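Colleague: Below are the sequence and a predicted model; questions follow.
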Amino acid sequence: MNVQIRLINMRQKFEEIFGCQPATVVRAPGRVNLIGEHTDYNDGYVLPVAIDRSILMAADPRPDRQVVLHALDFDQRAEFSLDDIRHDDQYPWSNYQRGVAFFLQERGFELPGMNAVISGDIPIGSGLSSSAAVEVAAAYAWQVLSGFSLSRVELALLCQQAENEFVGMKCGIMDQFISALGQRDHALLIDCRTLEHELVRLGAIAQRGSVTPVFATIVVCDTMKRRGLVDSEYNARRRECEEGVRLLRKHLPEVKALRDVSPAQFERYQQDLPDVVRRRCRHIVYENERVLQSVEALKGDDLATFGRLMNESHVSLRDDYQVSCRELNVMAEAAWQVEGVYGSRLTGAGFGGCTVSLVAGDAVDRFRARVAAEYQAATGVEPQIYVCAVEDGVGEASNGIRRLKLRRPLRA
Ligand code: GLA
């Protein structure tokens, strides 16, 4: 649904529930990772984009210390006090806001209580980072209401901390980072060790309002399979990568993370690694190379190379990192058969969720029809297929007339 229509709905709902207009409505986007999967927690490189699917959070300060949250998509209300923030099992969706509030206060920021209404169009569990968007929206809403100063990088780190330590998912930095720092019509190359980042213009990939011909489009295909194993398997992959570092350090004592291992070094010492650890390491070492090569390809508008690297990434995730599943493989392989497809791969953690494909502008209709038919024939499930526009990171979607009156700048 168009973001303007969603905004009007949010404002109406807020007024119905709380009897006034919100001081602000914040929009935080989901993401699609073009390439660089499972590299973030290995100190490596990733290349995500922020997309036109987002979480909206309408918020207004309260004079007391209560936080009252209405999740429109679940039709549920959760409430907690800023003086006693605990994990909530009854309304697990509220743990993201609780975690963010907890760590903002731990950093010394004085938060006001808050009334909020939350709604999103990022399918939950689809691997498009709805949880990171929820965290980033909450942190940004409190920033708008309180006026504290936190850079976008710090905001992303704080949200990651909330997810790691409060929610309990040991994710890397990619999802929160792109939701906070993404930019319209650009991908973001992130060095997940130093957090240095570079916007890469999408050039030959579709840009809104572009007067030049549209060469290629980012298309997301949702398998509709929700990630099941993701927490346990994700943590297992992290441990296997750490084991790889431990073993490689016998030969290469300077190595701190798999990011530090070059392909030549890997080839030299790989025979000393047990089979599973060797596969995990091979994926990470070459995936980092692929990210850097794909950035060069993008800068040169070389979509054929970019697409080939995407396909190689999928094969490596399927065979070496082993985070794919039948549904993701059927979807990617169906895409590979369609004329006009540069590349296609699973995106996000894996075990379900979505693929991302780069499709020539004039092949999108054919792509939709062929991939949907083939996927449905193989699995019996109708996929969701959408063309993605690349959007800005978090920001205020609109602010209310009451804002200036109520906003009290509070500093840490
Ligand atoms: C999830 C995590 C990210 C990243 C990806 C895999 O989305 O939240 O930090 O590790 O999986 O690339």
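Modeller: Structure's in. What do you need? Numbering: from 1, shown residues only.
Colleague: burial measure for the residue in the stretch 201-350 of the chain that the ligand sits nearest to, as a count.
Modeller: Of all residues in the stretch 201-350 of the chain, residue 349 sits closest to the ligand, with a separation of 3.4 Å (C-beta to the nearest ligand atom). Yep, even glycine has a C-beta here, placed from its N, CA and C like the rest. If you count neighbours by other C-beta atoms under 10 Å, residue 349 ends up with 24.
Colleague: Double-check it against residue 127; I have them as touching.
Modeller: Yes - shown here, residue 349 and residue 127 form a contact pair, counting by C-beta atoms under 8 Å, at 6.2 Å.
Colleague: Got phi/psi on residue 186?
Modeller: Per-residue torsions, residue 186: phi -130, psi 150 (degrees, to the nearest 10).
Colleague: what's near enough to touch it?
Modeller: Residues counted as contacts of residue 186 (C-beta atoms under 8 Å, 6 or more residues apart in numbering) are 49, 199-202, 390.
Colleague: just residue 115 next, same as before
Modeller: 14, 17-18, 22, 59-60, 62, 68.
Colleague: Narrow those to those that are buried.
Modeller: Burial by neighbour count, 16 or more other C-beta atoms under 10 Å: within the contacts of residue 115 this picks out 14, 17-18, 22, 59-60, 62, 68.
Colleague: Quick one: the strands in this structure, in order.
Modeller: Taking DSSP state E as the test, the strands found in the chain are 24-35, 45-62, 66-71, 76-81, 113-120, 186-191, 197-201, 216-222, 341-347, 354-360, 384-388, 395-399.
Colleague: tell me the contacts of whatever residue of the stretch 1-150 of the chain ends up closest to the ligand?
Modeller: Closest to the ligand within the stretch 1-150 of the chain is residue 37: 4.1 Å, counting by C-beta to the nearest ligand atom. The neighbours of residue 37, taking C-beta under 8 Å, 6+ apart as the test, are 46, 287, 313, 317, 321, 323, 345-348, 350.
Colleague: Could you rerun that using 7 Å?
Modeller: Contacts for residue 37 (C-beta atoms under 7 Å, 6 or more residues apart in numbering) come out as 287, 313, 317.
Colleague: And it, how close does it get to residue 238?
Modeller: Distance from residue 37 to residue 238, counting by C-beta to C-beta, to the nearest Å: 13 Å.
Colleague: From the chain's centroid, how far away is stretch 237-253?
Modeller: When distances are taken as C-alpha atoms, centre = their mean, to the nearest Å, stretch 237-253 is centred 27 Å away from the chain's centroid.
Colleague: Dump stretch 275-294 to CSV, keeping only the CA atoms.
Modeller: What follows is stretch 275-294, C-alpha atoms only, in CSV (Å, rounded to 0.1, in the frame of the first residue of the first chain):
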residue,chain,number,x,y,z
ASP,A,275,35.0,-30.8,6.1
VAL,A,276,32.1,-28.7,7.6
VAL,A,277,34.4,-25.9,8.9
ARG,A,278,36.2,-25.9,5.5
ARG,A,279,32.9,-25.3,3.7
ARG,A,280,31.8,-22.5,6.0
CYS,A,281,35.2,-20.8,5.7
ARG,A,282,35.2,-21.1,1.9
HIS,A,283,31.9,-19.4,1.6
ILE,A,284,32.9,-16.5,3.8
VAL,A,285,36.3,-16.0,2.2
TYR,A,286,35.0,-16.0,-1.4
GLU,A,287,31.7,-14.1,-0.5
ASN,A,288,33.8,-11.2,0.7
GLU,A,289,35.6,-11.2,-2.6
ARG,A,290,32.4,-11.3,-4.5
VAL,A,291,31.0,-8.3,-2.6
LEU,A,292,34.0,-6.2,-3.6
GLN,A,293,33.9,-7.4,-7.2
SER,A,294,30.2,-6.7,-7.4
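Colleague: wait, does it make contact with the ligand?
Modeller: No - Stretch 275-294 stays clear of the ligand (C-beta under 6 Å from any ligand atom), getting no nearer than 9.1 Å.
Colleague: List the contacts of that stretch.
Modeller: The contact list for stretch 275-294 (C-beta under 7 Å, 6+ apart) reads 35-39, 42, 44-47, 237, 240-241, 243-244, 247, 258-259, 261, 263, 266, 270, 273, 306, 309, 312-313, 316-317, 320-321.
Colleague: burial count for residue 324?
Modeller: Residue 324 has 22 neighbours, counted by other C-beta under 10 Å.
Colleague: For the residue nearest to it when sequence neighbours are not counted, grab the count of nearby residues.
Modeller: In space, and not counting its chain neighbours, residue 324 is closest to residue 318: 4.1 Å by C-beta to C-beta, 6 or more residues apart in numbering. Close neighbours of residue 318, defined as other C-beta under 10 Å, add up to 20.
Colleague: Check residue 334 too.
Modeller: The number of residues near residue 334, taken as other C-beta under 10 Å, comes to 25.
Colleague: Surely residue 30 is in contact with residue 130?
Modeller: Yes - in this structure, residue 30 is within contact of residue 130 by C-beta atoms under 7 Å, at 6.0 Å.
Colleague: shared neighbours, these two?
Modeller: Residues touching both residue 30 and residue 130 (C-beta under 7 Å, 6+ apart): residue 122.
Colleague: neighbour-wise, which of those two wins?
Modeller: Neighbour totals were compared for residue 30 and residue 130, and residue 30 leads with 31 against 26 (other C-beta under 10 Å).
Colleague: Check that one and give its pLDDT.
Modeller: The pLDDT attached to residue 30 in the predicted structure is 98.
Colleague: For the stretch 201-350 of the chain, which segments are assigned as helices?
Modeller: Counting by DSSP state H, counting those that start in this stretch, the stretch 201-350 of the chain has helices at residues 230-248, 263-269, 275-299, 303-319, 326-336.
Colleague: just how off-centre is the fourth one within its chain?
Modeller: By that I understand helix 303-319. Its chain's average C-alpha position is 19 Å from that of helix 303-319, according to C-alpha atoms, centre = their mean.
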